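Asks: Structure for this input, please:
(one chain, ligands or ions: 1)
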Amino acid sequence: MEKIVSLAKRRGFVFQSSEIYGGAASVWDYGPLGVELRKNVADAWWSAMVHARDDIEGLDAGILMHPRVWEASGHVSGFTDPLLECKTCKKRWRADHLEEAGCPRKPSVAPGGHVDCELGEPRLFNLMFKTFMGPVEEDASVVYLRPETAQGSYVNFLNVQQTSRQRVPFGIAQLGKAFRNEITPGNFIFRTREFEQAEMQFFVKPGSDDEWFDYWLDQRLAWHHEIGIRPEKLRQHAHGPNELAHYAKTAVDIEYEFPFGWQELEGVHNRTDFDLGRHQEYSGKRLIYIDPGSGERFLPYVVETAMGVGRSALVALVDAYREEEVAGQKRVVLGLHPALAPIKAAVFPLMKKFGQPEIATELLAALRRARIPAAYDQAGSIGRRYRRQDEAGTPWCVTVDGDTAEDRSVTIRDRDTLQQERVGLDHVAGWIQDRL
Ligand code: GAP
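Replies: Next up, the predicted model:
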């Protein structure tokens, strides 16, 4: 992880928030390369979940919602973690995450384990951030920063269904920020207090929910493979009765093997009609679906797929990172899938003279016109320039050389195979687009 964190900072993927003030705990800023990577993950998700299908609609609900939403959803009463306070160092820990504790005194409650800290009794701590709506700070104006995007899809279920004329089964997809006042955030961007979710709520007829659950679990696993994550690093973990969230009948986590162990990357949940039922009860508004064809009436069940975009970007970084030796030289490579790579191509003039920089600049402009994120580099030896791009994850480096002016072609070098191919100047943009 240290290597990933240091590469992320060095190359402008991720910076600590408010660094010049000493940093804001567990909040991270995405730099020029990071914002592209995160956006590419989000776009790949949106394109597979919304654009490629005719049974899912998009939605972008507000982060702030009516406070009753969170009473109905069970988050006010039940979205808690057990918190332990250490009487010695005064720090607070999540009782079920003690092994991750960063306390220098290392609290431990393992059987036969050594207890350095004097830990108090666990108490329940609500993870929702509270703030006030309007100019008066009083109980009546308390609102919450949403801890999940899902509720926006439930309260808009009929709005979306009726305006899009969808029929059950269909889904609502959302990408957006969520906030949780995590007791023990950490492991870089793995667990943060502000994060982006990619969630999809699929509304189905009760009785067909188990089948749809299996379908969505398969689809989501396949998507992680499609964006290049090694299958052997992914596994499924079915929640036992003690792990299930308050809304779930069944839940399976898609886990990834991080350097700090197997951890959740995405969750697939059967939320039954819990959320729609509760919103119906708390709002007093009917959320019953009436099938336009058969006239059948029912409260749909929901199968949810829920992923953190930052967490998926972290998986992409960890999975892609490798160190290897090429012709006796060490190189660090981010073997990112081209669709996720922040920069798709880097253009180099082999020499700073003989008109090569001018041709390279024209090529760069052509790539920009084709909306291909591209970089230009003429500093240092060609080997150094390759290495800079390898560790940024750039799949292709395009070199303008002494022959280019004459034969109007350039050499494209592949980051992974190191194969070089001669391609006509006018065909470079198309060549790259065909491979994205
Ligand atoms: N709507 C259901 C829901 O929110 P979740 O398992 O609590 O389910 C879904 O969260 C996904 O959101 C997780 O699998 C993870 O990828 C991401 N996530 C949750 N908490 C996070 C945090 N504190 N920091 C970063 N990502 C988080």
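
Asks: Please make it C-alpha for all contacts and neighbour counts, starting now.
Replies: Will do.

Asks: what about Lys177, how many residues close to it?
Replies: 19 (other CA atoms under 10 Å).

Asks: For His279, see how far away it is.
Replies: 22 Å (CA to CA, to the nearest Å).

Asks: what's the answer for His246, then?
Replies: From His246 over to His279 the distance is 15 Å, taken as CA to CA.

Asks: Same drill for the two, tell me which one is more crowded.
Replies: Neighbour tally, His246 and His279, criterion other CA under 10 Å: the higher count belongs to His279, 23 against 13.

Asks: Give me the pLDDT for the more buried one.
Replies: With respect to pLDDT, His279 scores 98.

Asks: Output the contacting helices and strands for the helix or strand where it lies.
Replies: Here His279, judged by DSSP states H and E, is contained in helix 274-283. Packing contacts for helix 274-283, counted by 3 or more CA pairs under 8 Å, 6 or more residues apart in numbering; DSSP states H and E, involve helix 67-72, helix 150-155.

Asks: out of those helices, nearest to the ligand?
Replies: Across the helices and strands packed on helix 274-283, the ligand has its closest neighbour in helix 150-155 (5.1 Å, CA to the nearest ligand atom).

Asks: next structured bit after the closest one?
Replies: Per DSSP H and E, the first helix or strand lying C-terminal to helix 150-155 is helix 157-164.

Asks: Contact partners for Thr131?
Replies: Thr131 sits next to 142-145 when contact means CA atoms under 8 Å, 6 or more residues apart in numbering.

Asks: Quick one: buried ones out of these?
Replies: With burial judged by 16 or more other CA atoms under 10 Å, the buried subset of these is 143-145.

Asks: Tell me the residues on the stretch 1-150 of the chain that lie near the ligand, please.
Replies: 148, 150 (CA under 6 Å from any ligand atom).

Asks: Going by proximity to the ligand, name the top residue of the stretch 1-150 of the chain.
Replies: Nearest residue of the stretch 1-150 of the chain to the ligand, counting by CA to the nearest ligand atom: Glu148, 4.7 Å away.

Asks: my guess is that residue contacts Ala178, does it?
Replies: Yes: judged on CA atoms under 8 Å, Glu148 makes contact with Ala178 at a distance of 5.4 Å.

Asks: is it true that Met200 touches Gly171?
Replies: Yes: applying CA under 8 Å, one finds Met200 in contact with Gly171, separated by 6.5 Å.

Asks: For the lowest-mean-pLDDT helix or strand in the chain, which helices and strands make contact with it?
Replies: Least confident helix or strand of the chain, by mean pLDDT, DSSP states H and E, is strand 92-94 with a mean of 78. In this structure, strand 92-94 packs against strand 80-85, with contacts taken as 3+ CA pairs under 8 Å, 6+ apart.

Asks: quick one: average confidence on stretch 15-34?
Replies: Per-residue scores along stretch 15-34 average to 93.

Asks: Endpoint to endpoint, it covers what distance?
Replies: With CA to CA, one end of stretch 15-34 sits 9 Å from the other.

Asks: Name the residues of it that are buried.
Replies: Buried positions in stretch 15-34, judged by neighbour count with 16+ other CA under 10 Å: 15-17, 26-31, 33-34.

Asks: so how far is the ligand from Leu364?
Replies: Separation of Leu364 from the ligand (CA to the nearest ligand atom, to the nearest Å): 36 Å.

Asks: got a list of what that residue touches?
Replies: By CA under 8 Å, 6+ apart, the neighbours of Leu364 are 347, 374-376.

Asks: neighbours around Val160, how many?
Replies: 18.

Asks: need the contact list for it.
Replies: 57, 172.

Asks: where does this protein dip in pLDDT?
Replies: For the chain, the stretches flagged by pLDDT under 70 are 89, 99-117.

Asks: Helices of that one, start to end?
Replies: In the chain, the helices defined using DSSP state H lie at 2-10, 32-46, 67-72, 75-78, 150-155, 157-164, 209-226, 274-283, 309-320, 356-369, 382-390, 404-407, 428-434.

Asks: Save these as a markdown table, and put in distance to Thr88 too.
Replies: Listed next are the helices of the chain as a markdown table, based on distance: least, CA to CA, whole Å:
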| stretch | distance to Thr88 |
| --- | --- |
| helix 2-10 | 29 |
| helix 32-46 | 39 |
| helix 67-72 | 35 |
| helix 75-78 | 29 |
| helix 150-155 | 40 |
| helix 157-164 | 50 |
| helix 209-226 | 44 |
| helix 274-283 | 42 |
| helix 309-320 | 33 |
| helix 356-369 | 58 |
| helix 382-390 | 47 |
| helix 404-407 | 70 |
| helix 428-434 | 59 |
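
Asks: Report the beta-bridge partner residues of the closest residue to the ligand within the stretch 301-436 of the chain.
Replies: Nearest residue of the stretch 301-436 of the chain to the ligand (CA to the nearest ligand atom) works out as Gly308 at 3.4 Å. Beta bridges link Gly308 to Gln197, judged by DSSP bridges.

Asks: surely it meets Ala198?
Replies: Yes: taking CA under 8 Å as the definition, Gly308 is a contact partner of Ala198 at 6.1 Å.

Asks: how close does Gln197 sit to the ligand?
Replies: Gln197 sits 6 Å away from the ligand, going by CA to the nearest ligand atom.

Asks: so what's that residue up against?
Replies: In this structure, Gln197 makes contact with 148-149, 174-178, 306-309, judged by CA under 8 Å, 6+ apart.

Asks: so what's the residue nearest to the spatial centre of the chain up against?
Replies: By CA atoms, centre = their mean, the chain has its centre lying nearest to Val309, at 1.2 Å. By CA under 8 Å, 6+ apart, Val309 lies in contact with 38, 41-42, 195-198.

Asks: Tabulate the buried ones among the contacts of Thr131 (TSV), appending distance to Phe79.
Replies: Listed next are these as TSV, based on distance: CA to CA, whole Å:
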residue	distance to Phe79
Val143	15
Tyr144	12
Leu145	13
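
Asks: Quick check, Arg415 in contact with Thr394.
Replies: Yes: with contact defined as CA under 8 Å, Arg415 counts as touching Thr394 (7.1 Å).

Asks: So those two - more neighbours on which side?
Replies: Higher neighbour count among Arg415 and Thr394: Thr394, with 30 against 22, using other CA under 10 Å.

Asks: What does that one show for phi and psi?
Replies: Main-chain dihedrals, Thr394, degrees, to the nearest 10: phi -70, psi 120.

Asks: wait, it sits on Ile343?
Replies: Yes: using CA under 8 Å, Thr394 makes contact with Ile343 at a distance of 5.3 Å.

Asks: Please consider this matter closed, and thank you.
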